[in-house]
Structures are given as structure tokens and as C-alpha cells.
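Undergrad: got a structure for you, letters missing:
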DNA sequence: CTCTCCCT
């Protein structure tokens, strides 16, 4: 799929969800029938139409049953229509493999709706929001209905479905949340898990949940769709189900391998060469691993073209488009637009162009063969970003991008031998690489208590599961025996990481939820990255100065709060764009934070959790410190810290907004949201803590009994935390804080505030 | 002295 991220059209979805709770104490989504599905008045009023009388003897969408063969979209999959329908009728699960362009995602649900009588919907999951929306719109057009009637979609913030909806496209994350309300998915007769080969975290969890549904509902049907390769693995996992392969419709791509050491340099050389030799309508797409490489390549290529022009050569114009997720939205459009006659388009992208964004008119693909991958290390509790070889299917996917509109060429910057030997056969499933606390909490929410013996297609390492359980225990979501607590149940209500849910709940007790919900919303949209870094060196200085206005010794939360408030005062959702530009802040991130904030407040209102404004800001800091005490660290050297739990040396993430009160006057004790391993351990989202706030909580770190947490399900080789030391380190930190004296700190604080006031006055005078 | 990419 391709296209743009669409802005959400409605932000009040939560209001119309039912207040009732399901059996397990979780919300059941019930939409009132008198309301349109997308928040706007729909052209066909739902109440004017007879409610669907689900009749197993009649097709799900009778109007499709009248279609002639020539009425169907002429795609490769059409040839298999009867075969597929028969297979689904006769088998509970089938695995479908099909390359891009086969039409399986759009056509198969229609085939089933035309011929099969069922009592529930057909649900089709997608790993990406844009794909769910664009596919649903296209299918609605083919079915000749308004999107939200016979065909609809559901993504976060946008539920464009009605009780009539027979074919529903949804993100895998939404499907997982729906499972939390009803484990047996009784709303659906058929579920199709699309893009299964991508092995996204949510799809992997759904694999196991859908197997359970199959065992409990004989009439239920499951389709698992994957690009080719490794399909027997899917079939083996799904009860040895039958498989079918559908050919795609793409153009041939010629593959060339060039072995090289420094691929960024090679990219510059190759693009320069192609640009001189090839006609300008042959556009080029380059895959690199990150922003740095992309900027370097773009600048190098630009220099070479200038050089050729200076040498008096006749070279055509080139439009150079860097493409990665942290670019502001305006840049994306340049990627889709066809440049003027005689101008070549060059797109230098991360793997965002592998699946999420389809660039039209590409003749040449240059693939560096590497990708940045986030890996969670359970032993250190840190995650890191590593550059690793792409998988063989991913390399194929990249080369395929050259054959969308005509025959193409893919130049791979690695030898064939290296590919065969070093590239993995499949992309490592996300569930094997990620922090599992969130997943385990969802499972516990479904009364699946044993995350160790869960039916994973690829079981994660035991130490990762243990690490997730330990985190949940320290957050108070589960008790010492691994049973979900009241706090855990409340945490699972929020579409957030467990640590963020915990902060929100803590803020309710400290009567500062109005502030915390802003902080949490900012963090939920990649809070560390709301600032935009320009490419040009001089501009970077301006950007840094703009960011410094939000520095605050209390911690990142205080800076983020000021940032959000300023944005709102500057016009927020509707008129905040100019403010974002001058402050080098991502407008996209801010708007998303607004949406998340609204959604969270909606949930809190529904469960009658008081959203109060803090009488003083430090209450927010206290709620954060109490939630994240397991990530506390005391000051070690000048600006280094030592974790209380394990005595590990860490530093503050350079993009943090925390700052010392005075020169060198760094906080003695801090907590952070997460630790990231780069060249050193780094704390992200840092908050100043008072030793008194967390003293009583710290001993809990040493009470973790892994065997009990797992319900004796696991053989543990890992030793517990260094017993006793956490308390001792905390005690020392507290002593140091006391010795330093409250007076010194408060003096420094008032000096800081005075300086800040002066700066702001000066700024106000300038305006 | 830092930022692959998705998603509730």
C-alpha cells in the first residue's frame, strides 16, 4: 500500500463507546446505531435501512452475488476465486501466499461476502493505518457503497464502520484491543491476517489468539496471508492447514550485485553515473539505514552534479528527495509528485519506502542491504539500535520497488555470496526483539496468565519474558504470584506502554492528572523526538537555541508541559503550525499528542477517574518518580549517573531538556522512563527525584522472586538483582542530598527562576 | 552529543 497518512476526521470516538464493562471488567465497544460511523452525518442514514438480518443461508453481501465474471476486478487472483471460496468453506484455516499486485487484500473478502452466508463480519487486519484506510476506500468504491456502510475500516481515533458493515479493515493493534473485550471474536465470522510475513508484534499475538478462537468456534474461518517464502512454517503452526499460492502481477527486475566496503560513497558514485547516462524519466530510489547516511548521500550527490555543471557538461536537472519518518509532512509530497519534463527524481530513503510509501515511476533501485533494528536486551534492560543485514525477503521487497510501473533494475551493494551466507531467511519477528511488558499485560488482561507457555509461533527468550514480568511487578500491575492487580487492570484500560499508564494512575492519586495526561500524550508520540533537527549547520544552531527555551532543572516533563501549553496558546491544532516552524517542533507530533490526550481523557472520564489540575507542579514530578523508581540513578561523576538497582554507569540522553540549576549543579537523584544503549547507557525522559519520595519503594526491587512471578513455569539461570545494594545506594544519595542542604538547592532554584524570568521579559520586550 | 519503523 502507499499514500499519505490521513488526518483523523473525528476525535470524539470515545464518547460514544459504551460505559458498560465486559465480563472481565473491560470495556465493550458498542456503537449507538443512530450515529454515523465517521463522526460526520453520513449520506445514508443508518436507521433508515433495515438492520442487517444475518442469515447464514444468504450471502453476506447479496448484491455481490449477482456479479458476472466480467464485473469483477481483472486481477490475477480472480482466476482462483472458486478455488479459494471452496477452500474456505471446507477448511477452518488456510494460508495464502501471493506477491504484490495479486489483488488478494481487496478481492478475497469480496469473493467471500458474495458467496458465503455467515452471521458475522469479515475482518481484515493490516499492520499499518494508511493501508487499512486506503484499501477500505478502494473496496467500498468497488462494492459501490459509502465507506462505513457495507465496507468500512477502524484505526485508532477513527471508527468508520456501522452495524451494517460486512467487510471491515482494521489495524492489527485495534484487533488486539477488540480481543481484550471478546476473546472469541464473536463479531467476526472470518478473520484475514494480512501481511503475516512482516511478523509485526500485534499480528504475532493474534496468531495464537486466533488459533484459540478456531478451537472454540468450529464455524469460524481464518485466512493467513503472506508474501511467498517460509509458508510451510505457517501451515505447520496452523494445524497443518492447506496452502494456496497466487501469482502477482509485477514487471521483471534485473538484479546486479556490486561488492563494496563503504556503501554511502558507492551510492554517490553510482547515482552520479546513472544520472549522466540514463534518460531523466528513469527515477532512482536508494535504500540507506538512517537520517545521517541519507543527508550525507544527498549532499554528496548534489556536489557532484554541481561539479559536472561547472565542468560545462550537459546534465539534466535532478530533484533530490530525502525520505525518512522524522521529516515534516511537506517533504513527503515531493516524493509523490512527478517532476517537470527533463528532471530526474532521486529518492534517498530508509526502509519507510520498503512498505509504507510507494514512490511512483522508479526504474532503478540501489540497495545498501542493511537496516537499523531495535533490539531489547533483557539482561541490561536496555534497548539498542544496531545496523544489521536485511533479510532475504526484505531484499526482494526492496528490489521489487523497481518493477511497479515497468521493467526495472536493482543494484545491490553486496555480493550474492554474502547475501546467501549472511542475510537471514526471514525478518526476525518483532516479538523476539522487543520489551514484552506491554504484551504480557494484554495477555493477563485476557486471563491468559502464563506468558511462558503461550502458543507463540516463535517463542521469545525466557529472560525477555521474565524481564517483562519483573517490570510489571515493579509497576504494581501484577502481584508476587504474577496475578493481575486492580492497578494492572486499570493500566490495561489505556492504549499506552505500562510505564506511562502507571504514571497516569499515580497522577490521579496526586491530583495532577490534567498535567500528567499532557506529559504522557507527548511521550506516547515519541516525546524525545518532538523537536525537528534541520539539515543545515547554521540552522541547527537556531534550532538548538529554540529548544533551550524549554530546558528545566525539574526534568523533561516540565519542559514538555511548557512546550505543549505554548503550542496550545499559539493556536494548537488549527493555527499552531507557524509556532511549530519557529520552534523547530514537529507539527505532526503535536497534533497526534492532542489526539492521544483527548482519547486518554475520554477513557479517564468513562471510568470516573478525576482529572485535576495540580496545585503545584512538583506533584507531577513526584508521581513520575514513584512510578519509575526502578529506574532511579544517583549522581556519579560530573554529569554521569549510577543506577540504584544495579550500579550501572549511565548518562543523560543528549536531547533531554533537563539542565542543572546552576553551572554543574546537576540533580543528585533522578529517575527515567527508559534506558537506551548507544555508546554508553543513556537515560531518556529524565525527572529529578527527591530521595524521600522513593525511599520506601526501593526495597521492592530486591523482593523480585522470578520463580513465583512465572508461576513456577520456568527454569531460571538469571540471578536476581544485587541484593541490598539498591537500598544502600539510595541511602547514600539521600544523605548527600541532605548534606548539601535544602537551602543551597532552594537558593540555586530561585536564582535559576530569576534568570529565566529575565530572559522571558527580554523576549517579550523584543516582540 | 541522538533519533530504523510501525501500533493501541
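TA: Structure received. Not measured: the values here are computed from a predicted model. Residues are numbered from 1 along each chain as shown, chains lettered A, B, ... in the order given.
Undergrad: And the average pLDDT for the helix ranked longest in chain A is what?
TA: As assigned by DSSP state H, the longest helix anywhere in chain A is helix A:742-766. The pLDDT scores in helix A:742-766 average 71.
Undergrad: Need the residues that contact that helix.
TA: Here helix A:742-766 makes contact (CB atoms under 8 Å, 6 or more residues apart in numbering) with A:553, A:661, A:662, A:665. To be clear about C-beta, it is placed using only N, CA and C from the backbone, and glycine gets the same treatment.
Undergrad: next one: stretch A:501-508
TA: If you take CB under 8 Å, 6+ apart as the criterion, stretch A:501-508 is touched by A:475-477, A:487, A:490-494, A:496, A:513, A:515-517, A:519-520, A:600, A:604, A:609-610, A:619-620, A:623-624, A:626-628.
Undergrad: what distance separates the longest helix of chain A from the centre of its chain?
TA: Centroid separation for helix A:742-766 versus its chain: 39 Å, with CA atoms, centre = their mean, to the nearest Å.
Undergrad: The residue of the stretch 501-650 of chain A found nearest DNA strand B: neighbour count?
TA: Residue nearest to DNA strand B within the stretch 501-650 of chain A: residue A:533 (4.2 Å; CB to the nearest atom of the strand). Using other CB atoms under 10 Å, residue A:533 has 14 other residues around it.
Undergrad: Likewise for residue A:372?
TA: The local packing of residue A:372 (other CB under 10 Å) involves 14 other residues.
Undergrad: what's the spacing between the residue of the stretch 1-150 of chain A found nearest DNA strand B and residue A:247?
TA: Residue nearest to DNA strand B within the stretch 1-150 of chain A: residue A:129 (3.2 Å; CB to the nearest atom of the strand). Applying CB to CB, to the nearest Å, the value for residue A:129 to residue A:247 is 28 Å.
Undergrad: Which secondary structure state is assigned to the residue of the stretch 501-650 of chain A closest to DNA strand B?
TA: Using DSSP: H, G, I helix; E, B strand; the rest coil, the three-state assignment for residue A:533 comes out as coil.
Undergrad: these two touch, right, it and residue A:584?
TA: Yes. Residue A:533 is in contact with residue A:584 according to CB atoms under 8 Å; the separation is 7.3 Å.
Undergrad: Now do the shared contacts for those two.
TA: residue A:543.
Undergrad: List, one by one, the residues from the stretch 51-200 of chain A near DNA strand B.
TA: Within the stretch 51-200 of chain A, the positions adjacent to DNA strand B are A:127, A:128, A:129, A:130, A:155, A:156, A:171, A:172, A:173, A:174, A:177, A:200 by CB under 7 Å from any atom of the strand.
Undergrad: which one is residue A:597 nearest to, not counting chain neighbours?
TA: residue A:521 (3.9 Å; CB to CB, 6 or more residues apart in numbering).
Undergrad: outside of the helix or strand hosting that neighbour, which residues touch it?
TA: In this assignment (DSSP states H and E), residue A:521 forms part of helix A:513-524. The contact list for helix A:513-524, computed with CB under 8 Å, 6+ apart, reads A:496-497, A:500, A:503-504, A:506-507, A:527, A:530, A:557, A:560-561, A:563-564, A:593-594, A:596-597, A:600-601, A:604, A:609-614, A:617, A:620, A:623-624, A:673, A:685.
Undergrad: and it with DNA strand B, contact?
TA: Yes. Using CB under 7 Å from any atom of the strand, helix A:513-524 reaches DNA strand B at residue A:524.
Undergrad: Looking at that helix now, give me its mean pLDDT.
TA: The average pLDDT within helix A:513-524 is 96.
Undergrad: so how far is it off the chain centroid?
TA: Centroid displacement of helix A:513-524 relative to its chain, using CA atoms, centre = their mean, is 18 Å.
Undergrad: got it, and stretch A:615-632?
TA: Using CA atoms, centre = their mean, the offset of stretch A:615-632 from its chain centre is 26 Å.
Undergrad: Could you pull up the mean pLDDT of that stretch?
TA: In this model, stretch A:615-632 carries a mean pLDDT of 95.
Undergrad: Can you give me the end-to-end span of that stretch?
TA: Start-to-end span of stretch A:615-632 (CA to CA, to the nearest Å) is 25 Å.
Undergrad: Same check on stretch A:490-509?
TA: 13 Å.
Undergrad: picking up where we left off before, in helices, which of the residues of the stretch 51-200 of chain A next to DNA strand B appear?
TA: A:129, A:130, A:172, A:173, A:174, A:177.
Undergrad: Buried only: go through those residues for me.
TA: A:129, A:130, A:172, A:173, A:174, A:177 (16 or more other CB atoms under 10 Å).
Undergrad: Contacts only, for the fifth one.
TA: Right, the one you point to is residue A:174. Going by CB under 8 Å, 6+ apart, residue A:174 touches A:154, A:155, A:156.
Undergrad: Most neighbours out of those residues, which is it?
TA: residue A:154 (25 neighbours).
Undergrad: That residue - nearest residue in space that isn't next to it in sequence?
TA: residue A:170 (4.3 Å).
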